[in-house]
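Novice: Here is my input; please provide its structure:
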Amino acid sequence: MKSLTNITIALIVAIVVCIFTACSSEPSVTYKKVVVGPTDTVWSLIKDNNDESIDIQYMLFEYKQHGGSNYIRAGEKIEIPVVVK
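Specialist: Residues are numbered from 1 along each chain as shown. A predicted model of the protein is given here:
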């Protein structure tokens, strides 16, 4: 009976650790060089170059952490974050 209780506790702990690890994992991000078009925004470039399930707010945070600016001009080359698949 004691070993069954220990196994049950170990299993519960393993499940909790797996859940927290999966929930807290951030996507693997790399950067892609793109040329800004006349109607592009940072938001639209990130959205158009990533899967629809990606959190755009998080990717904007990554863009800013990488030194990106919200002030972009048509013809300018910038690096935007993209999730590695």
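Novice: all helices for the chain, in order.
Specialist: 2-24, 42-48, 56-65 (DSSP state H).
Novice: rank those by mean pLDDT and give me the bottom one.
Specialist: Taking each of those in turn, the lowest mean pLDDT turns up on helix 2-24, with a mean of 66.
Novice: Which residue is the nearest non-sequential neighbour of the residue positioned nearest the centre of the chain?
Specialist: Centroid-nearest residue in the chain, with CA atoms, centre = their mean: residue 27, separated by 4.0 Å. Distance criterion CB to CB, 6 or more residues apart in numbering; nearest residue to residue 27, sequence neighbours excluded, is residue 83 at 4.5 Å. Just so you know, the C-beta spots here come from the backbone N, C-alpha and C atoms, and that holds for glycine as well.
Novice: Check whether the one you found really touches residue 28, as I assumed.
Specialist: Yes: the criterion here is CB atoms under 8 Å, and residue 83 meets it with residue 28 at 6.7 Å.
Novice: which one of those two has more residues nearby?
Specialist: Neighbours were tallied for residue 83 and for residue 28 using other CB atoms under 10 Å; the higher tally belongs to residue 83 (18 against 9).
Novice: list the contacts for the more buried one?
Specialist: Contact analysis of residue 83 by CB atoms under 8 Å, 6 or more residues apart in numbering lists 27, 28, 29, 50, 51, 54, 59.
Novice: Which of these has the largest number of neighbours?
Specialist: residue 59 (23 neighbours).
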